[in-house]
Structure formats: structure tokens, C-alpha cells
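Visitor: Provided below are the primary sequence and the corresponding predicted coordinates.
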Amino acid sequence: MNTPLADRIRPESLDDVVGQRHLLSKGKALRNIIESGDVPNLIFYGPSGVGKTTVASIIANATNRSLRRLNGTTASTQDIKDIVAELDTFTAPNGILLYLDEIQYFNKRQQQTLLEYIENGKITLIASTTENPYFYIYPAILSRSTVFEFKTVSTDDVIPAIKRGFDILSKENNVEVELLDGVEKKIAYGCGGDVRKALNSVENCFYASPVKDGKKIITLDIADELTQKSAVRYDRDGDEHYDIISAYQKSMRGSDPDAALHYLARLLEAGDLPSACRRLVVCACEDVGLAYPQIIPIVKSAVDIAMMVGLPEARIPLADAVVLVANAPKSNSAYMGINEAMADLKKGDFGSIPRQLQNKHFDGEDAEVKGQFYLYPHDYNNHWVKQQYLPDEIKDKKYYKYGLNKNEQAYKAYWSKIKGGEGSD
């Protein structure tokens, strides 16, 4: 079976690694650790195809330890035991460097099996994961390791790797390659920061292009056809999902319609219509709220339309609603109020419901003062009468504070006048 291009051109030095300058530039901590030769247990965290395996291989080549590789999706506890059995033998006289890819798929017991040998230094662990290690890796291993985050590779950094890939294919097949304008950028944009994906597209474009006049001409049409559609990383169960929906709501909350539309597009491009709708409704209620309460049924209607027509047309009502939410005045007064009320309940700050509010129409014989004494507000001027609604224990508690927007300030002025100043808080 042919070795994939991405493996054939894997860099052998840190200077040749694509991207990750924040980790591998001269003077950076990870580079200093690698060049020292005294490599501790490391955890590489980041999306696929950004150089985690490449850097691990470079580390292995720079040490005098035997390299063993396992993948968390397929390895078993027995595989770990087989590696442990090699310790202190002629096959691993100086210990083992274990590269464990996708460690998040190892269960707690499998990770614990490694712990003893990590602690005594006989196994140096370099683990990689696409998920947040603080959620998925056993704390005892995490505490004995140093975590480095690998970032998505920029388009500009991917382009040299694409050119190098075409050069290698040209030499291997003894044929000249000509890249027409825009091919490298099309492939780079299409890979979404995944160098491996970009090099797979390079191979596809090379072998799909016929030889004309002694050379392969790679056209933009070929690149467009064979490059994967989406430049957006997205895993509905992973960190990227939560990062995008977080950025989506924060952009609407921050009144930036351009950013909000960008993240909406990323959600829709990934086909995640439910998340786009759900977070939009939440934002209308939480972040616009009483500053423009009419927005809630408007956004609900837009979401109903989107769910009814489905993609791709759903983008239209959702874009309308997203821009409306982003541009609307903001108030989180009701949101903060309910949070404070629920926090008090959890602390035990509550009491008996006042007698006048209870759903009772008779008193027991033990009641010293009989009668419910509820005052019906509609029987009074302006449909309001002063009476206690909160339990005695928290009767002076204030959960709701009027927002500094036109609507809430109008409510405040109205009730302050009616209540004789009591509505001014």
C-alpha cells in the first residue's frame, strides 16, 4: 500500500514544521525542552492535522529511547502490557518513548496502567488529543505532564506545504507540474487549517490531472472539484462545537452583526441548524430581554420559519434575526434577577409563603388570626396596592434592577410614580 503523501514529506526538523511558531520558534518553551534532550511527559492538545504527530516523531528521533506508538481508538490494555514487558530488555535499554495518539479514548483504567511507569521514568509519555485534556485525561497523568496547545494552521502557512507536496509528486513521477493561478489558495482554504487534508487534496489533484504536452496542468476547476467543501472544523461533540456557538452568542451580545453572521455561517455550513436556532432564541431572551421585549416573538417566528423550510433557505430568516439581535439594545436585568433568585434558593434563603398569597380559603383552629387578608390589586387605583409578596425571611430582597434602556426606564418612572418612590430601585 502506498504511503500517504503527508507521511512521505513529514518534516524531520522543528524548523520545517508548518505553523506552531508560538511553540517552536527559537526561545519558545517547547522548543527549548526538545533541544535540551531531557524530555518530560507531554500532552499535545489541538485539532487534527496540525503537527502533533510530526513534533512527537522529531522528539523521538532526538532521543536515545525506543519509540512505540499506540492509538487510543484501537489500542487495548494488553498493548500497554506488551510495551511494559519490553522495559529493561535489550529492545529498550534506555526506556521507552510512548506516543499515544487520541488518548481521550483510553478509559481511566487504561490510563492508570501507565501511571506507575510514567512516575518512575521508564516510560516517557507524549500523548495527543483533539479534546480538552482537562476534561478527558486522568488527573494523575495530567498532573505529571506538561500540556501544550497546538493551533489551527493559517492559510499562509499551509501554502508552502502544498507547493512542496506538488514538487515531490513531480519528482517521484518524473513529470513537470504547472499550478494555475489560485490553485494553492483554493486547497489551503479548503483544508481548514489541516495540513494532512491539504496534502490529500494535492495528491487527488495531481493524479486527476491529465498530462498535456509533457506536463500536468493543475487547474482551479480540478482543485475546486477535489478539495473538500468546508474550510470549517466542526465536531458536534467536541470543543470546536462549543467554541463556535460561544463565539456566535458573544458576537450578538457584543452587538457585532458581522461576526455574528460569520459564526452563523459556520454553524449552517456544518449543517447544525438546531444549535444556530437554539442559541439565537437564548440570546434574544438573555441579552436583549426587556430592552426590546418584542424581539422574543420575532426571533421565535424566524426560528420557526427556518425549521420549517430547512437548509439552505433557513439561512435567510436566521440572518434577519441574528442581525436584529446584534443591533438591538441590550439588557440582562431579568437574566441576572432570576440567577440571583435561584442562587438564594440553593443557599437556603427562602421562607414560608405569606398567608395572604397562599391558596387557602379557611384557617385551622390553631391560627391565632383567621382570614387570608389578600388585597386584590384591581380593586385599587392604578391596579396596585401595597402588600408583602416575599416571605418574611427575605421580604426586603431586591432581585430585579431596572436596566438603563428606554423601555425599562419608562417602567421605572411609571411605577415610581404609582408606588410613591418604591419602584425606583
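Guide: Received, thanks. The shown structure was predicted, so the numbers you read here are calculated from the model rather than taken from an experiment. Numbering: from 1, shown residues only.
Visitor: Now the helix or strand harbouring residue 222: buried residues?
Guide: For residue 222, the host element (DSSP states H and E) is helix 220-226. By neighbour count, with 16 or more other CB atoms under 10 Å as the criterion, the buried positions of helix 220-226 are 222, 223, 226. Any C-beta I mention is one placed from the backbone N, CA and C, and that applies to glycine too.
Visitor: Any chance of TSV for those residues, columns pLDDT?
Guide: TSV is the format used below for the buried residues of helix 220-226 (pLDDT from 0 to 100):
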residue	pLDDT
222	88
223	88
226	82
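Visitor: Need the contact partners of stretch 46-57.
Guide: Residues external to stretch 46-57 that are found in contact with it (CB atoms under 8 Å, 6 or more residues apart in numbering): 6, 10-11, 14, 17-20, 23-24, 30, 34, 44, 67, 99, 101, 126, 128, 130, 149-153, 191, 193-198, 233, 240.
Visitor: Give me the ChimeraX select line for those residues, limited to the buried ones.
Guide: One line in ChimeraX is enough to select the buried ones among the contacts of stretch 46-57; burial here means 16+ other CB under 10 Å:
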select :6,10,11,14,17,18,19,20,23,24,30,34,44,67,99,101,126,128,130,150,152,153,191,193,194,195,196,197,198,233,240
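Visitor: Which ones among the contacts of stretch 46-57 map onto helices?
Guide: When these are checked against helices (DSSP state H), the matches are 6, 23, 24, 30, 34, 195, 196, 197, 198, 240.
Visitor: Include pLDDT and distance to residue 118 when you put those residues into JSON lines, please.
Guide: JSON lines is the format used below for the ones in helices among the contacts of stretch 46-57 (pLDDT from 0 to 100; distance: CB to CB, whole Å):
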{"residue": "6", "pLDDT": "80", "distance to residue 118": "29"}
{"residue": "23", "pLDDT": "91", "distance to residue 118": "22"}
{"residue": "24", "pLDDT": "89", "distance to residue 118": "24"}
{"residue": "30", "pLDDT": "90", "distance to residue 118": "19"}
{"residue": "34", "pLDDT": "87", "distance to residue 118": "19"}
{"residue": "195", "pLDDT": "87", "distance to residue 118": "30"}
{"residue": "196", "pLDDT": "86", "distance to residue 118": "28"}
{"residue": "197", "pLDDT": "86", "distance to residue 118": "32"}
{"residue": "198", "pLDDT": "88", "distance to residue 118": "34"}
{"residue": "240", "pLDDT": "68", "distance to residue 118": "29"}
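Visitor: Most widely separated two among those?
Guide: Based on CB to CB, the longest span within the ones in helices among the contacts of stretch 46-57 runs between 34 and 240 and measures 27.4 Å.
Visitor: would you turn the ones in helices among the contacts of stretch 46-57 into TSV with distance to residue 267?
Guide: Shown next, in TSV, are these (distance: CB to CB, whole Å):
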residue	distance to residue 267
6	29
23	29
24	32
30	33
34	38
195	25
196	24
197	20
198	24
240	11
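Visitor: elements contacting the lengthiest helix in the chain?
Guide: Identified as the longest helix of the chain according to DSSP H is helix 155-173. For helix 155-173, the elements it packs on are helix 5-8, strand 176-179, helix 183-190, helix 195-208, judged by 3 or more CB pairs under 8 Å, 6 or more residues apart in numbering; DSSP states H and E.
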